[in-house]
Each structure stands twice: as structure tokens, then as C-alpha cells.
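Enquirer: Predicted model follows, preceded by the sequence.
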Amino acid sequence: MHSMRSMELSTHTISTTQRSFLAVGLVLLCWRLWRFTLLPRTKPLEPKELPYWIPYLGHVRSFFKDFNGALEKGRKYFGDSKEPYSVWIAGTRIYICTSPDDVADLYRNTTTISMHTVIEDMYRWIGVSDSGFRAMFAIDASAQHNIGLRTPEAPAVMINEYHRQQTKQGELFDDLLHTRIIPEFEKELRCIIDGSSPSIVSRSSNGVVVSLLQLCTSAFQSSTTTAFLGRKIWEVNPNLLQSFMVWERTNWKYLFQMPALMSQDMLKARDDIINSFVSYLEIPETERDDRNFFVKSIETMMRDVGCNEKDMAKVLMLHFWAIQGNIYKVAFWTLAHLVHNPSVLEQVQAEVSHGIKGDGQLDEIYLAEKCPLLDSLLSEVLRLTIASALIRDIVAPTHIGGKILQPGNKVLVPYHQLHLNRSVWGEEPLSFEPARFVENPKLLSSKAYRPFGGGKTLCPGRIFAKRFVGYAVAAILTKFDVCIDAEETRKLTDGRGGKGGGLESLPFPRINHTKPSPGASLPVEGDDVLVVLREKHRPVDKNLGELHA
Ligand code: HEM
């Protein structure tokens, strides 16, 4: 009798639970029908909203998990219509624009769309103090940096002007690329020859085996850091770049503003870089006289407007990130494509070999002006590897693509999707075609090609970046015989490769587009290419072991 009663009770309990679930499900269903089917009919000019199931949170989970994957789902959900649509992320509506014409309109519109709060957020999130914030965003016409300017600028905006002056072709550009970067980069290459490069994995009779990712990380970042900050920075922190690489892998947590509990790795790397910059800035300027125009100028300006060293270090950290965070990745992907495509490698090698001068040095100007395949290759790599997104605030109703974007919301342009637009890049937009831009140079100015952003915030470092990578690739190809170490690379790939022993069966490193990045994406952690470098004209050393290649 007792057990009968308890069974009845439990049946009753289960059915109550089931009923509660049913009720919640029904409410959710009605809410979804209302929100994503009925409501949009009453507001035809509002961009449609990508449906979700959990009110308030919306697409939080899918965006955190795989940023570009979530955007790709949105594209497919709306049948690749290219109409602006919106997503809902924890209380924020974000409009997504993927049509090239809409993106061009967004860039042109500087009145109802604003970049301002995005920059302010970056300063706040990196921890600039209230007084530092006021100093960096106040417009003081009498400040030193504004003397002689027609329109006075806030220091936070003026920094980008200093970037432009440093990287505009002319004396300062030459000082940066020809006097500072190239000699430093050449030194890094000599470290491969003398065996001291940290990228060397093993040695053999034919040369050295290097980790391509490590080579690009150390050679590009060391030379750029020295070129900008001078040598003192290495006395302050010889391991700065290790912290920077942790920051590189974890800065999506900064961009997503993840709670501190889940971001210890990112916070530690950030603080380590900032503390190094504080110590660096505390060293008398006369002992750091080898820093470049850009670093000198922003330091002088920030001191003049009353920033302390801690705030200066935080601002420097943001710009160090902009300067350093992309070049090494673009170089990595370019070289990875080349060693995976030996016939393209040979063509590029042949093209750049005409840039070798009588003294054996490479003529950088020749490379920049007379090597169309190298230039096209870099453009194609940029097309495929950029995963950043432009993000802006809507400050007044804005007409875009036949829709009205409402103030108080944000708009996002995923460059990766723009770069995969089938009507511009063909039915297989992911296919790598190094000569694409030689065959159709107009693509470089296509509205669907924005590797360096556009409009007022077009990347000031774009010409410098492309020329540096172009030079570096040419320098590697002319100094060394280069090929992939097939056996060692295969070992890294966990059986991802295809059948057979040929190069085609070797898996290409996977690009990690799951996290937002202000520019190019890194490979998935652990993915790399092992490359054999043999100094050209160097006799084979018979005493060393056999190569795997
Ligand atoms: C291959 C290398 C690079 C890539 C792919 C790249 C990409 C980009 C992109 C996409 C933007 C636009 C962001 C937006 O519109 O919201 C941008 C802006 C910017 N980049 Fe680069 N960049 C590279 C190298 C550099 C270098 C070397 C520097 C400095 C010397 C630099 C400094 C900046 C700055 C300061 C901005 C902000 C401009 C502004 O807000 O007015 N970048 N970059």
C-alpha cells in the first residue's frame, strides 16, 4: 500500500516536472515565434535578427566558442542574401554587414557611425587610469603636439597621426625599414647560419630544420621591437616576446572582456608587458636615444599632457600590439604556402633573384616595385588569413543596404566573410591562388578586399607591413635553399594527412579563426611547418646525419 502510494506520488511528481518543462517550452516557442517571425513583419526596415533560444544571452555561447563559425552560420541562415542582419549578445544588438557596397557606405559614413567608444573601451580595458584617460582624450589646442596643426587633436588620436608620419614613404619610412628593420632582420637570419636561432629544431648534413612559426615569431618580432624601442628594452626584459606570445594566444579574452578568473594567463602576460614598459620608460631618455621617431613622439606627447609612466606603458602596450601582432603571422602563412607549393616557391625565387644587387644584397625597392608575383602572393595570403572585424557604434539612425540601423547598437563587418564573397572571389573562395592579383590587379581595390580596413581608420602600417614581409620572404628565399621537412611535419599533424607520401598528402596548418583577432589569425595551437634551410652555396657537411626531407 505504502509503495503503491509512493509510486503514485512519483508519477505525479514526474508529470508535474514534465508539465513544467512543457510550459517553459511552450512559452519559449511563443516568444520565439513572436520575436523572430511576427515582430519582424511589423518592422520591415529593421535588419532581421538571427534567432536564438535563450533570452537575454542570445548568441553568447556560439560567438565565444567560434567567432567566425557563428558568423558563417548567420550567413547561411539568411541564404547568403548579404542583407544586414543582427545578432543579440548578452543585451547588445550587433548588426552584421557583409555586402561590399554596405561596407563601403559604412566607411564613408562618419557622422552617424562612430569609432570613438571603441577606442575608449580599449583604453579602459587595458586599465588606463581616469586621469590618464582624461589626458589622452582631452583636446587642448595649446598642447605641444597641437602647435601648427589646423585642427587640434586629442593625444589618443594624434598617436595614429604619428604612426602615419613614421610609415609614410619618405625619410622616416626609410629610417624604419632600411636603416633599422632590414639590418636587424638580417642579423636574425645569420643566427640560423651560426646555429643560435631559437627556431632551430635539429641539424643535419643538408642544413638546419626550423620551426616556421618560431622563426617568424622570433625573427619578425625581435627586429621590430628593436627597431621601435631600441636595445634597452632587452635589458629590461629579455623575455618580453615570450609574454607577448602568451598575450597573442589569449588576447581574445581581453576583447571579449572575460572575467578575471578565466583570464589569468592573459592578465599575467598583459601585466608583464606593461611592467616592462614602465621600467623602460623610467630609464632616462638619453639612455634610450636609439628608439624610433614614433616611440619618441608619443612619449614626448604623453609626458607633455601629464600622463604618468603606468598609463604611458598601457597606451604603448596597445600600440605595440598593433605594430607587432600581424606581420609575423602573415609571414608565417606566406612561407607555409610556399613550402607547400614548390612550383610557386620556384617562381617567386626566380622573380626575387633579379633583385640581388652587385654586392649580393637585396634591393628592397626593386622587390617592392618589380615583383608582381610576390606582391600578389602577399595579397592573397592577407585575403585568406585576416579574421578581424570592424566594429563601430551607431549614434543616429543609419540607412544601410535598404535597412535602418538604430542608434545605441553596434555594427560589425567580418572581413573574413567579405574576403570569401563568392561573387567576387569565385565559387571556391577558400582556394589559394597566388597569382590571383597579377591576373586581375583590379581586385586590390575591390570593395570586397579590406585586409587593412578602410575609411578613416585604414591601417597606417599597411605599406610598411607588406614591404617588410616581402623583403623578409625574398631574403629567406635568396639566402637559403628552402623545402619542407615532410617527415617531421607529418609527425606534428596527428594523422590529419592524406594517403601517400607526396607533398599533397601533407596537411596544411589549420588556421584558428574561432577567436576574434585584430588582423591575421594564428595557426591552431600545435600546428606548424618544419622547414629545412640550407645556406645557398654551402658545401654539404658529410659528418652530420641524414635529412628527413
Ligand atoms: C600585415 C600587417 C597588418 C595588418 C593585417 C593590419 C590590419 C589592420 C586593420 C584591419 C586595421 C583596421 C581596423 C579598423 O578599421 O577597425 C588596422 C588598423 C591599425 N593598424 Fe594595422 N595592420 C597591420 C600592420 C600594422 C603595423 C605594422 C602598424 C604600425 C606600424 C599598424 C598600426 C595600426 C593602427 C595604429 C591602426 C588603427 C588606425 C586607426 O584607428 O586610425 N598596423 N590594421
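Expert: Received, thanks.

Enquirer: What residues does the stretch 101-250 of the chain have near the ligand?
Expert: Proximity of the stretch 101-250 of the chain to the ligand, by Cβ under 6 Å from any ligand atom, involves residues 160, 163, 167. For every residue, glycine as well, the C-beta is placed using N, CA and C.

Enquirer: Which of these fall within strands?
Expert: Using DSSP state E, the subset of those located in strands is empty.

Enquirer: Name the member of these with the most neighbours.
Expert: In terms of neighbours by other Cβ atoms under 10 Å, those top out with residue 167 at 22 neighbours.

Enquirer: Close to the ligand: what parts of this protein are there?
Expert: 160, 163, 167, 322-323, 326-327, 330, 386, 388, 390, 451-453, 457, 459-461, 464-465, 519-520.

Enquirer: Please convert the buried members of the residues you listed into PyMOL selection syntax.
Expert: Filtering the residues of the chain next to the ligand down to the buried ones (16 or more other Cβ atoms under 10 Å) takes a single PyMOL command:
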select buried, resi 160+163+167+322+323+326+327+330+386+388+390+451+452+453+459+460+461+464+465+519+520
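
Enquirer: quick one: which of the residues of the chain next to the ligand sit in helices?
Expert: Taking DSSP state H, the ones among the residues of the chain next to the ligand that sit in helices are 160, 163, 167, 322-323, 327, 330, 464-465.

Enquirer: Which of the residues you listed sits closest to residue 219?
Expert: The nearest member of these to residue 219, counting by Cβ to Cβ, is residue 327 at 10.3 Å.

Enquirer: In this structure that closest one contacts residue 224, no?
Expert: Yes - using Cβ atoms under 8 Å, residue 327 is in contact with residue 224, at 6.7 Å.

Enquirer: now the ones in helices among the residues of the chain next to the ligand in JSON lines, with pLDDT?
Expert: Shown next, in JSON lines, are those (pLDDT from 0 to 100):
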{"residue": "160", "pLDDT": "96"}
{"residue": "163", "pLDDT": "98"}
{"residue": "167", "pLDDT": "97"}
{"residue": "322", "pLDDT": "96"}
{"residue": "323", "pLDDT": "97"}
{"residue": "327", "pLDDT": "97"}
{"residue": "330", "pLDDT": "98"}
{"residue": "464", "pLDDT": "97"}
{"residue": "465", "pLDDT": "98"}
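
Enquirer: wait, doesn't residue 136 sit right on residue 128?
Expert: Yes - applying Cβ under 8 Å as the test, residue 136 and residue 128 come out as touching, 6.8 Å apart.

Enquirer: on that earlier part again, would you format the residues of the stretch 101-250 of the chain next to the ligand as CSV with distance to residue 230 included?
Expert: Formatted as CSV, these follow (distance: Cβ to Cβ, whole Å):
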residue, distance to residue 230
160, 22
163, 18
167, 18
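
Enquirer: between those residues, which is nearest residue 86?
Expert: Among these, and counting by Cβ to Cβ, the member closest to residue 86 is residue 160, at 29.5 Å.

Enquirer: Now the stretch 151-300 of the chain against the ligand: closest residue?
Expert: Proximity of the stretch 151-300 of the chain to the ligand (Cβ to the nearest ligand atom) peaks at residue 160, 4.1 Å away.

Enquirer: Chain neighbours aside, what residue packs nearest to that residue?
Expert: Spatial nearest neighbour of residue 160, excluding adjacent residues (Cβ to Cβ, 6 or more residues apart in numbering): residue 460 at 6.1 Å.

Enquirer: Test my guess that that neighbour contacts residue 163.
Expert: Yes - using Cβ under 8 Å as the test, residue 460 is close enough to residue 163 to be in contact (4.0 Å).

Enquirer: residues shared between the contacts of those two?
Expert: Common contact partners of residue 460 and residue 163 (Cβ atoms under 8 Å, 6 or more residues apart in numbering): none.

Enquirer: quick one: low-confidence ranges for the stretch 1-150 of the chain?
Expert: Residues of the stretch 1-150 of the chain that meet the criterion pLDDT under 70 lie in 1-14.

Enquirer: ok, now the chain?
Expert: 1-14, 495, 497-501, 538-549.

Enquirer: residue ranges for the strands of it, please.
Expert: Taking DSSP E as the test, the strands found in the chain are 48-49, 85-89, 92-96, 113-114, 200-204, 207-211, 389-394, 398-400, 403-405, 410-414, 480-484, 530-535.

Enquirer: What are the buried residues along stretch 305-323?
Expert: Across stretch 305-323, burial judged by 16+ other Cβ under 10 Å covers 305, 307, 309-323.

Enquirer: ok, back up a step: between residue 327 and residue 224, what contacts are shared?
Expert: Joint contacts of residue 327 and residue 224 (Cβ under 8 Å, 6+ apart) are residue 468.

Enquirer: Can you find the residue of the stretch 301-450 of the chain that comes nearest to the ligand?
Expert: residue 326 (3.4 Å).

Enquirer: how far away is the nearest residue to that residue once chain neighbours are set aside from residue 52?
Expert: Nearest residue to residue 326 in three dimensions, chain neighbours excluded: residue 519, at 3.8 Å (Cβ to Cβ, 6+ apart). Distance, residue 519 to residue 52, by Cβ to Cβ, to the nearest Å: 29 Å.

Enquirer: Please apply the same query to residue 26.
Expert: Taken as Cβ to Cβ, the span from residue 26 to residue 52 is 18 Å.

Enquirer: If you count surrounding residues, which of those two has more?
Expert: Neighbours per residue, other Cβ under 10 Å: of residue 26 and residue 52, the larger number sits with residue 52, 19 against 10.

Enquirer: got the phi/psi numbers for the more buried one?
Expert: Dihedral angles phi and psi of residue 52 (degrees, to the nearest 10) take the values phi -150, psi 170.
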